[in-house]
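Chemist: No sequence on hand, only this structure:
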């Protein structure tokens with residue numbers, strides 16, 4: 001019996017050794033391709049040398065470890081005696097998770113190895129194909145989709161070829177101007193999804209000058225690096241969308257320092273033009289205890305968007321400046337009813353709004369989006385691939401219930417949305433309101449086969465039309 005037990009123990013030990021080897025191989029495989037950073041000096045492994053691994057996924061270089069031991073040896077206090085002293089508590093490494101940010105892993109750059117270009121010029125879709133794909137998701141805004149398709153096509157041709165003889169192609173950064181709810185953010189999201197490139201959406205309202213409370217300007221690139229899974233080469237081909245860019249306009253008659261306006265515009269200049277920037281990995285500020293990675297913004301496409309309120313008044317004032325007197329003078333209210341007044345914007349108007357000339361000059365492609373009218377809102381409800389009505393029809397189809405909308409009901413929803421004056425965002429809130437009771441009541445009865453939304457139900461005058469399975473339509 002003892003011999004058999006010994007053999008069993010040997011087998012169990014062999015199995016444990018095998019499990020340990022497999023675990024180590026899996027851990028090494030996970031770290032392959034990523035570079036470690038020193039927790040203390042933040043230098044990468046390629047600079048500081050081989051790292052010493054500590055608990056909680058922390059790594060320390062040999063230089064910092066030696067300095068730590070030297071500091072401990074040179075201290076006059078006997079640490080060994082303090083270990084047993086009541087009331088003295090030493091640092092627990094497991095407590096560092098709640099104090100410091102988690103260590104981030106950045107993909108290694110292989111030195112001396114020439115990699116094939118990630119983008120092939122033949123794989124870049126032509127402008128008409130890009131616009132055709134945008135048409136499936138975005139209603140209207142023909143000029144904006146056309147301008148964006150051409151700009152993106154030229155930009156990624158520039159990235160794919162890198163250079164064309166001795167002629168260097170400049171970046172085609174864009175500035176989108178349009179009222180709220182006109183589809184600025186939705187256009188950029190759809191474009192990034194179609195091109196399959198990393199996308200970072202940043203809000204300009206939280207950006208401040210370096211040294212002040214708020215997000216540093218480099219935080220927009222930190223989001224792009226995170227979207228690219230900390231792959232620097234992939235992030236350098238991505239798209240950055242800075243929303244609410246109109247909030248960075250210069251403050252008029254400001255007696256104090258403008259740390260979130262003109263100074264942020266000046267800080268963004270180096271990003272827009274193309275330069276090497278040190279970016280905090282996994283944080284919004286360089287002051288955090290996180291590693292810094294160098295990113296070249298030469299091939300990053302920047303798209304800025306904003307509603308620019310009161311810009312219409314600046315445009316009207318410029319257009320009416322010759323209408324003061326004379327027989328050929330225009331009426332001062334000539335452009336008051338102009339629906340597409342934003343399309344007449346010029347660089348001069350943007351400067352008067354508060355954007356500095358250097359900033360506007362780095363956004364060479366400027367185009368506007370139209371405000372949505374009633375017909376466009378009706379199309380937005382039912383025509384795009386992921387239209388709001390199609391989403392609810394799919395939700396009810398999971399309960400084996402068919403959902404239909406009368407044309408008059410759609411027109412009524414669009415009329416209500418126009419009164420809210422918040423663009424396409426108003427459609428969702430209106431539909432959520434009258435679909436609440438339907439989504440609550442339908443799962444109660446398995447005999448319901450179809451629900452029809454009518455104009456009277458939207459106006460609150462009647463209930464929706466309900467058709468039971470195998471029966472005629474009745475009023476619910």
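Modeler: On my side now, so go ahead. The structure presented is a predicted model; accordingly, all values stated were derived computationally and were not measured. Numbers count the residues shown, from 1 in each chain.
Chemist: so residue 137 makes contact with residue 380?
Modeler: No - look at residue 137 against residue 380 with C-beta atoms under 8 Å: they stay out of range, at 10.4 Å. Every C-beta, even on glycine, is put in place using the N, C-alpha and C of the backbone.
Chemist: which of those two has more neighbours?
Modeler: The neighbour comparison of residue 137 against residue 380 (other C-beta atoms under 10 Å) goes to residue 380, with 22 against 19.
Chemist: Can you check the pLDDT for the nearest residue to the more buried one once chain neighbours are set aside?
Modeler: With sequence-adjacent residues excluded and distances taken as C-beta to C-beta, 6 or more residues apart in numbering, residue 380 is closest to residue 139, at 4.9 Å. In the predicted model, residue 139 carries a pLDDT score of 87.
Chemist: quick one, what contacts residue 139?
Modeler: For residue 139, the contacting residues are 376, 379, 380, 383, 384, taking C-beta atoms under 8 Å, 6 or more residues apart in numbering as the criterion.
Chemist: In the record's domain split, what are the boundaries for this protein?
Modeler: Here the domain parsing of the chain from automatic domain parsing is 15-103, 127-368, 374-475.
Chemist: pLDDT on the shortest one, on average?
Modeler: Confidence for domain 15-103, expressed as mean pLDDT, is 64.
Chemist: Residue 461 sits in which helix or strand?
Modeler: When secondary structure is defined using DSSP states H and E, no element contains residue 461, which sits outside every helix and strand.
Chemist: Kindly tell me how buried it is, as a neighbour count.
Modeler: By other C-beta under 10 Å, the residues close to residue 461 number 9.
Chemist: Ramachandran angles for it?
Modeler: Comment: the main-chain dihedrals of residue 461 come out as phi -100, psi -20, following degrees, to the nearest 10.
Chemist: residue closest to the middle of this protein?
Modeler: The centroid of the chain falls nearest to residue 201 when counting by C-alpha atoms, centre = their mean (2.5 Å).
Chemist: Look at the residue nearest to that residue when sequence neighbours are not counted and say how many residues are nearby.
Modeler: Excluding the flanking residues, the one nearest residue 201 by C-beta to C-beta, 6+ apart is residue 241, at 4.9 Å. Residue 241 is surrounded by 26 other residues when neighbours are defined as other C-beta under 10 Å.
Chemist: Neighbours of the nearest residue to residue 246 once chain neighbours are set aside, how many?
Modeler: Distances taken as C-beta to C-beta, 6+ apart put residue 306 closest to residue 246, at 3.4 Å, once the chain neighbours are dropped. Residue 306: 23 surrounding residues under other C-beta under 10 Å.
Chemist: before we move on, the earlier item: can you flag the buried ones in the contacts of residue 139?
Modeler: Buried by 16 or more other C-beta atoms under 10 Å: 376, 380, 384, out of the contacts of residue 139.
Chemist: isn't there a helix covering the first one?
Modeler: If I follow you right, that is residue 376. Yes - the assignment for residue 376, made by DSSP: H, G, I helix; E, B strand; the rest coil, places it in a helix.
Chemist: Test my guess that it contacts residue 140.
Modeler: Yes - A contact is recorded between residue 376 and residue 140 when judged using C-beta under 8 Å, the distance being 4.8 Å.
Chemist: which residues of the stretch 251-400 of the chain score low on pLDDT?
Modeler: 253-256, 284-289, 322-339 (pLDDT under 70).
Chemist: wait, what's in contact with the residue nearest to residue 246?
Modeler: Residue 306 sits in contact with 176, 177, 204, 243, 244, 245, 246, 247, where contact means C-beta under 8 Å, 6+ apart.
Chemist: swap in residue 245?
Modeler: The contact partners of residue 245, by C-beta under 8 Å, 6+ apart, come to 175, 204, 304, 305, 306.
Chemist: Any chance of these in a markdown table with secondary structure and distance to residue 159 as columns?
Modeler: Putting the contacts of residue 245 into a markdown table (DSSP: H, G, I helix; E, B strand; the rest coil; distance: C-beta to C-beta, whole Å) gives the following:
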| residue | secondary structure | distance to residue 159 |
| --- | --- | --- |
| 175 | strand | 20 |
| 204 | helix | 25 |
| 304 | strand | 19 |
| 305 | strand | 22 |
| 306 | strand | 26 |
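Chemist: possible to save those residues as TSV with distance to residue 366?
Modeler: As requested, the contacts of residue 245 are arranged in TSV below (distance: C-beta to C-beta, whole Å):
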residue	distance to residue 366
175	5
204	17
304	10
305	11
306	12
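Chemist: Generate a ChimeraX selection restricted to the buried subset of the residues you listed.
Modeler: Applied in ChimeraX, the following selects the buried portion of the contacts of residue 245 according to 16+ other C-beta under 10 Å:
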select :175,204,304,305,306
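Chemist: Nearest to residue 357 among the contacts of residue 245?
Modeler: Here the nearest of those to residue 357, counting by C-beta to C-beta, is residue 175; it sits at 13.4 Å.
Chemist: Spatially nearest residue to that closest one, not counting backbone neighbours?
Modeler: Excluding its sequence neighbours, the residue lying closest to residue 175 (C-beta to C-beta, 6+ apart) is residue 363, at 4.1 Å.
Chemist: State the distance from that neighbour to residue 43.
Modeler: Between residue 363 and residue 43 the distance, using C-beta to C-beta, to the nearest Å, works out to 36 Å.
Chemist: before we move on, back to that, in contact with the residue nearest to residue 175, which residues?
Modeler: In this structure, residue 363 makes contact with 173, 174, 175, 272, 302, 304, judged by C-beta under 8 Å, 6+ apart.
Chemist: For the fourth one, which non-adjacent residue is spatially closest?
Modeler: Nearest non-adjacent residue to residue 272, counting by C-beta to C-beta, 6+ apart: residue 362, 4.0 Å away.
Chemist: Hmm, residue 275 and that neighbour touching each other?
Modeler: No - contact between residue 362 and residue 275 fails when scored by C-beta under 8 Å: they sit 11.6 Å apart.
Chemist: Now tabulate the contacts of residue 306 in JSON lines and tack on distance to residue 53, pLDDT and secondary structure.
Modeler: As requested, the contacts of residue 306 are exported to JSON lines (distance: C-beta to C-beta, whole Å; pLDDT from 0 to 100; DSSP: H, G, I helix; E, B strand; the rest coil):
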{"residue": "176", "distance to residue 53": "47", "pLDDT": "93", "secondary structure": "strand"}
{"residue": "177", "distance to residue 53": "52", "pLDDT": "93", "secondary structure": "strand"}
{"residue": "204", "distance to residue 53": "40", "pLDDT": "90", "secondary structure": "helix"}
{"residue": "243", "distance to residue 53": "41", "pLDDT": "90", "secondary structure": "strand"}
{"residue": "244", "distance to residue 53": "43", "pLDDT": "90", "secondary structure": "coil"}
{"residue": "245", "distance to residue 53": "44", "pLDDT": "93", "secondary structure": "helix"}
{"residue": "246", "distance to residue 53": "48", "pLDDT": "91", "secondary structure": "helix"}
{"residue": "247", "distance to residue 53": "45", "pLDDT": "90", "secondary structure": "helix"}
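Chemist: which one of these is nearest residue 279?
Modeler: Taking C-beta to C-beta as the measure, residue 279 lies nearest residue 204 of the contacts of residue 306, at 17.6 Å.
Chemist: Which one of residue 362 and residue 275 is surrounded by more residues?
Modeler: Neighbour tally, residue 362 and residue 275, criterion other C-beta under 10 Å: the higher count belongs to residue 362, 20 against 12.
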